[in-house]
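Colleague: Any chance you can model this:
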Amino acid sequence: MALVEVKVPDIGDFDEVAVIELLVKVGDTLKAEQSLITVESDKASMEIPSSTAGVVKELRVKLGDKVKQGSVVLMVEASSDVASLASATDALPTAALAVQVAAATAPVATAAATVVALPAAIGPVEVLIPDIGDFKDVAVIEIFVKPGDAIKVEQSLITVESDKAAMEIPSSAAGVLKELKVKIGDKVNIGDLLAILEGSVAAAAPVAAMNAAASVAASAPSVAPAVATASISAPAHNPGSITLGLPHASPSVRKFARELGVPLEEVKGNGPKGRISFDDVQAFTKAVMAGATQTKAQAAKAPAGGDGAALGLIPWPKVDFAKFGPIERKEMGRIKKISGANLLRNAIMIPAVTNHDDADITELEAFRVSTNKENEKSGIKVTMLAFLIKACVAALKKYPEFNSSLDGDALVYKNYWHIGFAADTPNGLMVPVIRDADKKGILQISQEMGELAKKARDGKLSPAEMTGATFTISSLGGIGGKYFTPIINAPEVAILGVCKSTHEPVWDGKQFVPRLMLPLSLTWDHRVIDGAAAARFNAYLGQILGDFRRVLL
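Modeller: Residues are numbered from 1 along each chain as shown. Coordinates of the predicted model:
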């Protein structure tokens with residue numbers, strides 16, 4: 001028996017990769033090609049196998065160490081014949097060793113070439129929907145790319161959504177997007193064709209070919225050089241950093257987790273010594289999609305009944321409500337969770353002030369009613385909100401700071417007027433956007449509002465139809481109320497709240513006459529707007545609503 005040094009083989013042009021996992025310990029009996037450690041660069045992770053069989057006598061590396069080709073991993077007590085052969089091969093020049101091994105183990109060299117020397121594929125490559133759990137017909141709600149875009153491995157292509165959660169689907173290959181096979185609203189399943197790429201996709205070498213090569217290598221004589229199968233795609237979580245004590249999983253499982261965007265450190269492994277398997281990753285994905293669990297990133301975004309600790313506040317009260325009487329617990333819907341987080345941030349971060357005023361809409365309401373009578377056959381119903389949108393555009397053009405956004409210490413003035421309006425739906429409040437409202441007439445705005453409001457109620461609004469607003473109107477319509485304080489929809493700097501109009505006696509200089517008055521509540525960001533500007537904006541808006549001919553000026 002003799003001691004043999006087991007070294008890091010040629011792992012490509014990687015220099016000083018980090019040891020992120022130790023797979024053996026002193027005293028273990030090794031087989032040839034058994035994995036010893038896992039190393040990881042900022043682009044790939046790979047297991048380093050043993051070049052000989054024997055008993056581990058000494059580990060020469062620890063977690064966090066940097067190793068490269070030729071670094072000693074451990075000392076193995078091997079039989080004398082194996083030790084002599086290992087010493088002889090170590091003494092040979094690299095080129096001679098390669099020739100010797102190629103002659104002795106041709107099948108291994110062939111398989112290794114399949115993995116290590118895989119040529120870059122040039123031509124059409126199909127990108128399929130990966131396994132996202134046993135969900136059928138999940139909807140495409142967002143598309144991030146378009147034909148002609150250069151796509152990287154692991155780059156998100158679309159977002160799909162079940163009735164419980166949403167998930168981004170990444171690309172399994174790199175290249176130029178030639179054709180996208182899905183559109184917003186489509187239903188997709190595992191294996192469906194998502195996109196066709198063209199170009200260099202060497203980074204997406206088939207895992208099956210890699211595994212086949214590794215299998216052949218494992219069955220070869222122990223003197224064969226180690227063939228390390230590598231996950232070439234960049235880690236989705238904290239790329240470029242070295243994580244000590246990485247979750248116990250093989251490189252292929254790590255790659256699978258990255259493809260699904262799963263934070264591996266949050267997955268419970270059910271294999272030997274807590275090792276994470278493909279089944280564990282799939283089970284975690286299914287639980288997230290079903291809403292049964294949340295990732296830490298999701299939990300951080302969720303508007304918990306917040307304990308306020310991050311703001312230095314006293315803890316949120318914990319109460320056992322059941323001891324006072326019967327209760328029923330219902331989880332908030334996804335839309336309310338998302339909007340709640342945004343509202344909390346905006347309410348805390350923006351120094352908001354609200355001005356209240358009244359607008360006389362007596363003549364405008366009479367005109368609206370007559371317009372609807374004249375257009376009964378068209379099927380388009382004109383609401384007061386359509387007039388408000390046009391009136392707000394006129395006021396925003398006169399006072400452009402209300403149509404701006406803060407960007408650090410600068411103000412971005414937008415030369416487009418996209419108006420959001422709050423829509424009440426069974427799932428919660430949603431804000432569709434009327435784009436280029438300055439270029440549309442009252443009838444066109446009314447028709448578009450009706451279509452967007454219906455899509456909101458049916459849960460079919462796309463993200464594109466809810467983004468890009470420069471100013472928002474929150475109308476309580478005919479529900480009631482007098483005034484309220486709407487929360488600004490960042491990164492906008494103002495929002496208009498509107499309540500139910502009522503007939504009130506108004507002094508005309510000679511007598512009190514009944515007028516239809518509309519309550520206006522303008523909330524504005526005091527970092528951008530001052531009180532005088534807000535008062536002028538509200539006053540000008542009231543003048544336009546009182547005499548809509550001013551829109552033409």
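Colleague: With adjacent residues omitted, what lies nearest to the residue nearest the centre of the chain?
Modeller: Centre of the chain computed as the mean C-alpha position; nearest residue by C-alpha atoms, centre = their mean is Glu168, 6.0 Å away. Among residues not flanking Glu168 along the chain, Ser156 sits closest, at 4.2 Å (C-beta to C-beta, 6 or more residues apart in numbering). No exception for glycine: its C-beta is placed from N, CA and C like everyone else's.
Colleague: In terms of pLDDT, where does that neighbour sit?
Modeller: pLDDT recorded at Ser156 is 83.
Colleague: just the one 3 residues further on next, same as before
Modeller: The pLDDT attached to Thr159 in the predicted structure is 80.
Colleague: which SS class is the residue nearest to the centre of the chain?
Modeller: Using DSSP: H, G, I helix; E, B strand; the rest coil, the secondary structure recorded for Glu168 is strand.
Colleague: next one: the one 5 residues further on
Modeller: Of the three states, Ala173 takes coil according to three-state DSSP.
Colleague: Next, give phi and psi for it.
Modeller: phi -140, psi 170 (degrees, to the nearest 10).
Colleague: Pro486 now?
Modeller: For Pro486, the backbone dihedrals (degrees, to the nearest 10) come out as phi -70, psi 150.
Colleague: what does Ile389 give?
Modeller: Per degrees, to the nearest 10, the backbone of Ile389 is at phi -60, psi -50.
Colleague: try Ile487
Modeller: Main-chain dihedrals, Ile487, degrees, to the nearest 10: phi -90, psi 130.
Colleague: Report whether Gly478 is found in a helix, as I expect.
Modeller: No - read with three-state DSSP, Gly478 is coil and lies in no helix.
Colleague: From what I see, it and Cys499 are in contact.
Modeller: No - using C-beta atoms under 8 Å, Gly478 is not in contact with Cys499; the gap is 9.6 Å.
Colleague: more crowded one of the two?
Modeller: Using other C-beta atoms under 10 Å as the criterion, Gly478 and Cys499 rank with Cys499 on top: 21 against 9.
Colleague: doesn't Tyr483 make contact with that one?
Modeller: Yes - at 6.4 Å, Cys499 and Tyr483 qualify as touching, with contact defined as C-beta under 8 Å.
Colleague: what touches both of these two?
Modeller: Common neighbours of Cys499 and Tyr483, using C-beta atoms under 8 Å, 6 or more residues apart in numbering, are Pro519, Ser521.
Colleague: re earlier: how about the residue nearest to Glu168, what does it touch?
Modeller: Applying C-beta under 8 Å, 6+ apart to Ser156 gives the contacts Phe144, Glu168, Ile169, Pro170, Ser171.
Colleague: Distance-wise, check it relative to Lys136.
Modeller: Counting by C-beta to C-beta, to the nearest Å, the gap from Ser156 to Lys136 is 22 Å.
Colleague: Met46 is in what secondary structure piece?
Modeller: Met46 is located in strand 45-49, with elements delineated by DSSP states H and E.
Colleague: elements contacting that strand?
Modeller: When contacts are defined as 3 or more C-beta pairs under 8 Å, 6 or more residues apart in numbering; DSSP states H and E, strand 45-49 sits against strand 35-40, strand 230-231, helix 251-260.
Colleague: where along the stretch 401-550 of the chain do the helices fall?
Modeller: Ranges of helices within the stretch 401-550 of the chain are 442-457, 531-546, based on DSSP state H, counting those that start in this stretch.
Colleague: Include distance to Val288, mean pLDDT and mean neighbour count when you put those helices into TSV, please.
Modeller: As requested, the helices of the stretch 401-550 of the chain are exported to TSV (distance: least, C-beta to C-beta, whole Å; pLDDT from 0 to 100; neighbours: other C-beta atoms under 10 Å):
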stretch	distance to Val288	mean pLDDT	mean neighbour count
helix 442-457	26	93	18
helix 531-546	44	96	18
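Colleague: Please convert the ones you listed to CSV, extending it with distance to Phe387.
Modeller: Below are these laid out as CSV (distance: least, C-beta to C-beta, whole Å):
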stretch, distance to Phe387
helix 442-457, 6
helix 531-546, 7
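Colleague: What separation do you get for the residue nearest to Val528 when sequence neighbours are not counted and Lys381?
Modeller: Leaving aside its sequence neighbours, Val528 sits nearest to Val493 (C-beta to C-beta, 6+ apart; 4.6 Å). Here Val493 is placed at a distance of 32 Å from Lys381 (C-beta to C-beta).
Colleague: Same question for Asn355.
Modeller: Taking C-beta to C-beta, one finds Asn355 at 30 Å from Lys381.
Colleague: what's the neighbour count on the closest residue in space to Ile335 that isn't next to it in sequence?
Modeller: Counting by C-beta to C-beta, 6+ apart, Ile335 lies nearest to Gly428, which is 4.1 Å off, once chain neighbours are set aside. For Gly428, the count of nearby residues is 17 (other C-beta under 10 Å).
Colleague: same deal with Lys482?
Modeller: By other C-beta under 10 Å, neighbour count at Lys482 equals 12.
Colleague: wait, what's in contact with the residue nearest to Gly478 when sequence neighbours are not counted?
Modeller: Setting aside the residues directly before and after it, Gly478 is nearest to Lys500 in space (C-beta to C-beta, 6+ apart), at 5.5 Å. Taking C-beta under 8 Å, 6+ apart, we find Lys500 in contact with Leu476, Gly477, Gly478, Ile479, Gly480, Gly481, Pro519.
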